[in-house]
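*Asks:* Make a model of this:
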Amino acid sequence: MEAIENAVTYLNGIVWGPPMLILIGATGAFLMIGLRFQPLRKIPAAFSLLLRKSGGEGDISPFQALMTALAATVGTGNIAGVATAIFLGGPGALFYMWLIALVGMATKYAEAVCALTYRETDELGNHVGGPMYYIKNGVGPKFPLLASVLAPAFAIFTAIAGFGIGNSVQANSVAHALDVNFSVPPLYSGLVMMAIVGLVLIGGIRRIADVASTLVPTMVVLYMGAGTIVLMLNAAAIPDALALVFDSAFQPVAAAGGFAGASVAAALRFGIARGVFSNEAGLGSAPIAHAAARSTDPVQQGLIAMLGTFIDTIIVCTMTGLVILTSGVWTSGATGAELTSAGFAQTLGYGQEIVAISLALFAFTTILGWSYYGERAVEYLFGIKAITPYRVVWILAIPVGALAQLDFVWLLADTLNALMAIPNLIALIILAPVVFQATRDYWAHHKAMQAAE
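*Replies:* Below you'll find the model as predicted:
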């Protein structure tokens, strides 16, 4: 067992090391340049699409697809991940989280465009898609041998990684937060989560989307509301905090208090790594949800999809980072959720409860979102007959995760999560001309329609 753990640890260091982070960042930059920075210029247009009535084939509305993707994306990374990045890389890590999120918007946009362009309808009439399908139907005709390897590889990585990063680890986070802050026994938390998740999953993607559409906005407003109060009370410290972020991004940060100091390289590495972990741009998970959207145009869904990265990192993660920095607790030596809790508690006095409730909600919705990703992965590999057994095992794994020690499970899931990016990024690079052409055609048509009016 020790040999296996050492091997996975070694592999984890490679797949989350500089080459992978450079590949993710370079792919996003390539797509952003090829799209002529439209993901950044079209943010207002993307938000306006959320207000429109949806049409076309699909199983859920574009808004519900975004909420389902956000349910899986907004999680422990937004609370513990940001704090860990600052603890290891200093305040400058927040700058590099912003940077990877901005180029990641182009990646998420391209993923959703490809997801709708190459999606299929399964035997039950559900619309299914994601990297395994755009590898099969988009890359396959050009490079059949490559596609025959990459598509099932992505599905295998997703199906297995989900049990760790999207199930056991999340259940454990909820149980721990409720136990420490409200004295709820982990077994009770696990059993209640198992029952609720089971009731939701019975309804499939439509039930998941309905729940996500209610919970995600609620939990984001709750967390952001509390964070806004902290920042209002610490308003005088915000300019200095922002200056610290930009200064620390380009020069080393000296040790102070319990903070051990950090180099620019550390800020860059941990900022990008935690940013990717939080918003999942490039990992290929979100397009699985967006493929189910009722939409007549892949570009429109791509615009909506890129908002997931914007909301996750530019809004929610920034709030966490600024709470930590303006509260002055970033040099305390604490890390993870403990550091974020300290940031809220320093100003409001009940930060632990706020963070505990937010963490529980974030982690719970992640379990729902990732259950759908896993189901679609096993359906691709084995057909619709595999969905029910996978769903049963998924539900039973929740209380186990709530009670277990998950160091190795987390390590394995984290490794497989990174491996998902490799086939996905290769496919996006190959299919980039399709994305660029679809984007040009959409805006040319949009311009012509405006001129006709």
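*Asks:* Show me where the stretch 51-200 of the chain has its strands.
*Replies:* Here the stretch 51-200 of the chain has its strands, by DSSP state E, counting those that start in this stretch, at 120-121, 127-128.
*Asks:* between those, which gets nearest to Phe37?
*Replies:* strand 127-128 (30.4 Å; C-beta to C-beta). Using the backbone N, CA and C atoms, a C-beta is placed for each residue, glycine as well.
*Asks:* Direction included, what does the closest one pair against?
*Replies:* If you go by DSSP bridges, strand 127-128 pairs up with strand 120-121 (antiparallel).
*Asks:* before we move on, back to that, most tightly packed of the strands of the stretch 51-200 of the chain?
*Replies:* strand 127-128 (a mean of 21; mean count of other C-beta atoms under 10 Å).
*Asks:* Not counting its own residues, what contacts it?
*Replies:* Glu57, Gly58, Asp59, Arg119, Glu120, Thr121, Asp122, Ala291, Ala292, Arg376, Glu379, Tyr380 (C-beta atoms under 8 Å, 6 or more residues apart in numbering).
*Asks:* again, only using 10 Å
*Replies:* Here strand 127-128 makes contact (C-beta atoms under 10 Å, 6 or more residues apart in numbering) with 57-60, 115-116, 119-122, 205, 288, 291-295, 375-376, 379-380, 384.
*Asks:* Thr340 and Val82 touch, don't they?
*Replies:* Yes. Contact criterion C-beta atoms under 10 Å: Thr340 and Val82 qualify, at 7.2 Å.
*Asks:* Overlap of the contact sets of these two?
*Replies:* With C-beta under 10 Å, 6+ apart, Thr340 and Val82 have common neighbours Thr320, Gly321, Val323, Ile324.
*Asks:* Give me the subset of those lying in strands.
*Replies:* Assigned to strands by DSSP state E, none of the shared contacts of Thr340 and Val82 qualify.
*Asks:* For these, give me a markdown table that also has neighbour count and distance to Gly166.
*Replies:* Below are the shared contacts of Thr340 and Val82 laid out as a markdown table (neighbours: other C-beta atoms under 10 Å; distance: C-beta to C-beta, whole Å):
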| residue | neighbour count | distance to Gly166 |
| --- | --- | --- |
| Thr320 | 29 | 21 |
| Gly321 | 28 | 24 |
| Val323 | 32 | 26 |
| Ile324 | 27 | 26 |
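*Asks:* any chance of the residues you listed in CSV, with pLDDT and distance to Gly261 too?
*Replies:* Listed next are the shared contacts of Thr340 and Val82 as CSV, based on pLDDT from 0 to 100; distance: C-beta to C-beta, whole Å:
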residue, pLDDT, distance to Gly261
Thr320, 94, 22
Gly321, 95, 18
Val323, 95, 22
Ile324, 95, 17
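*Asks:* Could you list which of the residues you listed belong to helices?
*Replies:* Thr320, Gly321, Val323, Ile324 (DSSP state H).
*Asks:* Please name the nearest non-neighbouring residue to the last one.
*Replies:* The shortest distance from Ile324 to any residue that is not its chain neighbour, by C-beta to C-beta, 6 or more residues apart in numbering, is 4.2 Å, and that residue is Gly343.
*Asks:* likewise the second one?
*Replies:* Using C-beta to C-beta, 6+ apart and skipping residues adjacent in sequence, the residue nearest Gly321 is Leu94, 4.3 Å away.
*Asks:* ok, the one you found - contacts?
*Replies:* Counting by C-beta under 10 Å, 6+ apart, Leu94 touches 82, 85-86, 241-242, 244-246, 248-249, 267, 271, 274-275, 313, 317-318, 320-322, 324-325.
*Asks:* Buried ones among these?
*Replies:* Taking 16 or more other C-beta atoms under 10 Å as the criterion, what is buried in those is 82, 85-86, 241-242, 244-245, 248-249, 267, 271, 274-275, 313, 317-318, 320-322, 324-325.
*Asks:* Could you tell me which of those residues are located in helices?
*Replies:* The members of those that map onto helices under DSSP H are 82, 85-86, 241-242, 244-245, 248-249, 267, 271, 274-275, 318, 320-322, 324-325.
*Asks:* Spell out the residue ranges of the helices in the stretch 101-250 of the chain.
*Replies:* 131-134, 144-163, 169-182, 186-202, 204-233, 238-250 (DSSP state H, counting those that start in this stretch).
*Asks:* which stretches of the stretch 351-453 of the chain have low pLDDT?
*Replies:* Where the stretch 351-453 of the chain drops to pLDDT under 70, the residues are 406-407, 409-410, 453.
*Asks:* nope, the chain is what I meant
*Replies:* For the chain, residues meeting the criterion pLDDT under 70 lie at 1, 54, 406-407, 409-410, 453.
*Asks:* Hmm, Ala249 is touching Ala267, no?
*Replies:* Yes. Counting by C-beta under 10 Å, Ala267 is a contact partner of Ala249 at 5.9 Å.
*Asks:* Name the residues contacting each of these two.
*Replies:* Gly89, Gly90, Pro91, Gly92, Ala93, Leu94, Phe95, Tyr96.
*Asks:* List only buried entries from the residues you listed.
*Replies:* With burial judged by 16+ other C-beta under 10 Å, the buried subset of the shared contacts of Ala249 and Ala267 is Gly89, Gly90, Pro91, Gly92, Ala93, Leu94, Phe95, Tyr96.
*Asks:* Having no further points to raise, I will conclude here.
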